[in-house]
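Enquirer: Show me how the following folds:
(one chain, ligands or ions: 2)
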Amino acid sequence: MVLKNNFWVLVFVLLLFGFAANFHTAKGTPRPRPRRILLDTDVDTDDFFALLYLLKLNRSDFDLEGVTINTNAWSNAGHAVNQLYDILYMMGRDDVAVGVGGEGGILKDGTILPNVGGYLPIIEQGVTTTGGCRYRQAIPVGIGGRMDVDTNFGIRKAFLPQGSRRYRPTTQPTTQQVMYDKISAGPITVMAIGAHTNLAIFFMKYPHLKKNVEHIYVMGGGVKSKNPTGCCPKNSTSCTRQQCGDPGNLYTAYTSNPYAEFNIFGDPFAAYQVFHSGIPITLIPLDATNTIPINKEFFDTFEKTQNTYEAQYTFQSLKMARDTWFGDQFYTSYFMWDSFTSGVAVSIMSNLNKKNGENEFAEMEYMNITVVTSNKPYGISDGSNPFFDGLKVPKFNLKRGGVHSGHVQTGLEDPFCIAKNNGKGRCKDGYTEVVTGPEAVRVLVATKAKLNPDPNSPLDRTFYKSFLNVLNAPQNSGRFNFTTQFPNYKEVLYKPDLKKRRLGKPVVFDMDMSAGDFLALLYLLKVPLEVINLKAIIISPTGWANAATIDIVYDILHMMGRDDIPVGLGEVFALNQSLPTFSAVGDCKYIKAIPHGSGGFLDSDTLYGLARDLPRSPRRYTAENSIKYGAPRDTDHPELRQPLSQEVWDSVLKTLDPGLKITVLTNGPLTNLAKLISSNKKASSLIQHVYIVGGHISNGHMDKGNLFSVPSNNYAEFNMFLDPLAAKTVFESTLDITLIPLSVQRSVSSYKKILKKLRKTKTTAESRFALRLLSLLHLLKQNHSRYNHMDTFLGEILGAVFLANDHSQLSPSLQVKPIKVYAHGIESKDGQTWIDVKKGKSVKILENINDTVYYNVLAKQLSYEKQSAVIASFDEQNKQ
Ligand SMILES: [Ca+2]
Ligand SMILES: [Ca+2]
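Expert: Ligands and ions are numbered 1, 2, ... in the order given. Next up is the predicted model:
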């Protein structure tokens with residue numbers, strides 16, 4: 001009986017299985033489990049279109065489990081990670097792991113340490129997160145580039161809700177950790193829609209885990225593509241043909257490299273590792289994406305159908321991309337790159353029973369390709385290739401004379417890359433080239449977007465329809481946006497009534513947004529208006545933070561009720577560092593000294609994770625622009641446009657009461673000040689005095705500067721080094737200068753002492769914030785070697801305190817000395833300052849200060865009950 005019973009159970013089970021299998025086959029795909037997905041993205045605008053598309057899919061079919069951030073491309077890590085957290089929170093997906101950065105490195109012998117952050121292409125990766133921008137320099141840094149991506153044109157903070165996940169120093173999961181967790185857990189599909197650094201490092205470090213990656217879908221490269229942008233109309237004489245017909249899309253570097261596409265060019269060696277990993281690869285190159293532009297019909301249809309928050313966010317972003325587009329060819333030159341890739345990938349995965357990657361959205365073809373990482377002739381040694389140059393054994397045991405051993409493109413105008421006879425670009429770094437022989441990898445390539453068979457639809461590509469349907473579907477849609485999450489948030493500006501006040505000396509604060517600068521700013525806002533009148537803030541993004549961090553300045557001003565103070569955005573390049581022929585891009589000669597990861601940009605851009613606790617200002621960076629200021633067209637709200645430092649300066653100088661002059665405090669590189677005095681002759685005469693925080697006057701060979709990341713340069717200080725030419729310009733001007741150099745800053749950078757004082761004094765919202773930030777910096781310094789330089793930031797508050805106080809109280813000792821600055825382009829000397837009796841400029845130097853009084857004054861002023869915060873925090877701002 002037992003046997004018989006079991007028999008029937010068995011038959012039943014077999015039937016059930018058979019039926020189930022047939023059922024699935026009939027539908028198309030037998031799916032025993034959801035397909036696990038890991039997305040590696042550089043969090044550009046188009047990337048989150050792809051991300052949202054994936055998040056909308058049925059989770060029992062496709063489960064996005066992790067997102068890792070590619071940090072050496074179109075966005076900056078601190079801004080990218082928080083935008084991702086906000087998008088995932090909106091979509092109710094706080095369960096998706098997010099990885100960013102990591103402090104690991106690659107040793108000289110090629111050993112890959114755990115947790116390499118991927119901030120640098122593999123060829124530039126040493127043991128820290130500082131290094132060159134060989135490839136990334138092709139990406140514009142400021143407005144129109146990373147500035148707009150980091151802020152999503154200013155829409156991000158206006159639209160996205162804010163959850164509890166955020167970047168926090170030392171506890172943020174790293175990219176390699178998240179990759180390890182997700183890939184080691186079982187079969188997974190990877191989508192790579194940025195540069196390939198993270199993935200390549202992972203495969204090089206954990207080759208045994210390659211077997212878990214079922215497939216990699218890559219957006220990148222151009223195989224047989226001919227770029228349709230930058231072409232000239234027939235018979236035109238005035239038009240200069242640009243990328244027209246190029247395989248690649250490097251619009252900032254087509255004169256040296258017409259072959260590469262941005263993602264692969266971001267790290268060609270990494271892409272080579274991924275393509276040659278043995279894992280099946282499907283490539284969605286420019287060949288296909290060039291055939292699916294955001295055309296007018298799609299745009300107009302999208303405008304009419306925005307049923308979900310994610311559709312709204314996507315449309316608003318696309319609209320701003322269109323409205324700020326540099327030319328009049330948006331509809332033919334902005335393509336669906338990453339979003340199309342996500343669609344093609346998902347469609348292929350849904351149709352695995354079909355052959356050759358047949359899918360709904362793209363025509364596919366197998367091709368034999370490789371990724372070019374160096375240029376012929378191979379086996380040369382011309383100083384361009386750190387994998388070989390000066391090494392006995394080439395890094396990673398690469399083969400001398402092999403494909404990696406040629407000339408590696410060094411910059412956008414690398415002379416090797418520009419043919420002498422016709423000036424044409426000949427470098428192929430990053431080219432996904434068709435080849436035969438042992439280097440060839442068989443890859444499934446999308447060649448064309450499929451046409452919509454419905455002739456009556458305005459959407460003439462099948463994917464247009466899917467994209468709009470998926471984003472607008474009610475399933476898995478966003479829960480709220482910023483406004484619906486925080487119905488009590490008010491868009492009000494707080495401004496003090498200055499009319500009846502007797503105002504003190506007018507001050508302009510020029511800052512680079514390092515941690516100490518925010519404390520200096522808080523301090524200046526606490527000094528009685530009768531003593532100083534803070535007229536404007538000028539931002540110098542040539543230092544410790546990226547331009548998008550300007551929003552933290554707005555938030556602090558909002559918190560303190562000072563939405564009346566204008567904030568001007570300065571040049572993103574140090575003097576003479578942008579490309580003369582294309583000023584949106586340039587090398588990173590000086591700024592490369594700042595770490596990308598811990599203690600560097602990642603922390604500055606998030607104010608060590610604390611920026612999100614500040615009240616949110618209705619003022620923020622926006623890409624809104626107007627013809628009046630040289631934009632190609634007016635956007636919907638041109639009046640909101642972010643003013644530039646030069647304009648803010650001009651308006652301050654113009655509106656100055658007769659007889660008054662400006663006092664300037666600089667806490668960063670001197671880029672803005674140098675620009676001002678060289679472009680406006682009258683400016684110097686309207687400046688009363690300049691307090692410069694920075695510079696180091698060495699007392700002997702043991703008395704070193706603070707450039708810990710440039711070992712060859714022992715005596716410079718960061719603010720001077722980051723723009724030596726600007727420093728030289730300022731120190732050769734007629735300005736009346738007081739220098740607050742490193743030595744005196746060091747005498748007031750005891751965390752213990754200031755924390756003790758702050759803990760003793762009664763508190764205000766701002767003193768509590770200062771206490772939190774300082775305690776955090778102190779803790780980090782004590783526990784992690786990457787935070788050794790935290791003293792630098794505490795020391796830089798001194799300038800604000802010194803400028804604003806009765807000097808007799810602080811018992812300062814000042815000496816007048818003749819100072820020179822070195823700025824001849826030599827890394828080991830640039831930015832050094834010294835006493836030159838014959839040629840130096842006489843400058844007052846602050847040499848000593850009573851540190852006990854200093855800490856007292858600082859703590860007391862921050863705790864002063866007047867001129868205190870109007871709203872204490874983000875939480876308070878949104879309470880009932
Ligand atoms: Ca991307
Ligand atoms: Ca600073």
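
Enquirer: quick one, what contacts residue 814?
Expert: 738, 844-847 (CB atoms under 8 Å, 6 or more residues apart in numbering). In short, each C-beta sits where N, CA and C put it, glycine included.

Enquirer: Report the secondary structure element holding it.
Expert: strand 813-821 (DSSP states H and E).

Enquirer: Show me what the mean pLDDT comes to for that strand.
Expert: Across strand 813-821, pLDDT averages out at 97.

Enquirer: Could you list the buried residues of the helix or strand following that strand?
Expert: Sequence order places strand 833-835 as the next helix or strand after strand 813-821, per DSSP H and E. Residues of strand 833-835 classed as buried: 833-834 (neighbour count, 16 or more other CB atoms under 10 Å).

Enquirer: Check stretch 860-874 too.
Expert: Neighbour-count burial for stretch 860-874 [16+ other CB under 10 Å]: 861-864, 867-874.

Enquirer: Stretch 760-767 too?
Expert: Going by 16+ other CB under 10 Å, stretch 760-767 has these buried residues: 761, 764-767.

Enquirer: wait, what's in contact with the closest residue to ligand 1 within the stretch 751-880 of the chain?
Expert: Nearest to ligand 1, among the residues of the stretch 751-880 of the chain, is residue 786, at 27.7 Å (CB to the ion). Neighbouring residues of residue 786 by CB under 8 Å, 6+ apart: 103, 595, 597-599.

Enquirer: For residue 830, report the pLDDT, please.
Expert: 98.

Enquirer: next one: phi and psi at the nearest residue to it once chain neighbours are set aside?
Expert: Among residues not flanking residue 830 along the chain, residue 724 sits closest, at 4.2 Å (CB to CB, 6 or more residues apart in numbering). The phi/psi pair for residue 724 (degrees, to the nearest 10) reads phi -60, psi -40.

Enquirer: Relative to residue 817, how far out is residue 724?
Expert: 19 Å (CB to CB, to the nearest Å).

Enquirer: Looking at these two, which is more packed in?
Expert: In this view residue 724 and residue 817 are compared by other CB atoms under 10 Å, and residue 724 has more residues nearby, 28 against 19.

Enquirer: can I assume the more buried one is in contact with residue 822?
Expert: Yes: using CB atoms under 8 Å, residue 724 is in contact with residue 822, at 6.6 Å.

Enquirer: which residues are in contact with both of those two?
Expert: Shared contacts of residue 724 and residue 822, counting by CB under 8 Å, 6+ apart, come down to 830-831.

Enquirer: Over to the closest residue to residue 763 other than its chain neighbours: give its phi and psi.
Expert: In this structure, residue 763 finds its nearest non-sequential neighbour in residue 863, 6.1 Å apart by CB to CB, 6+ apart. Main-chain dihedrals, residue 863, degrees, to the nearest 10: phi -100, psi 0.

Enquirer: Now do the helices in the stretch 351-500 of the chain.
Expert: For the stretch 351-500 of the chain, the helices defined by DSSP state H, counting those that start in this stretch cover 462-472, 482-485.

Enquirer: Out of these, the one nearest ligand 2 is which?
Expert: helix 482-485 (30.2 Å).

Enquirer: Test my guess that residue 769 contacts residue 608.
Expert: No: using CB under 8 Å as the test, residue 769 is too far from residue 608 to be in contact (11.6 Å).

Enquirer: what's the offset of the host helix or strand of residue 66 from the middle of its chain?
Expert: Assigned by DSSP H and E, residue 66 falls within strand 62-69. In terms of CA atoms, centre = their mean, to the nearest Å, the centre of strand 62-69 is set 20 Å apart from its chain centre.
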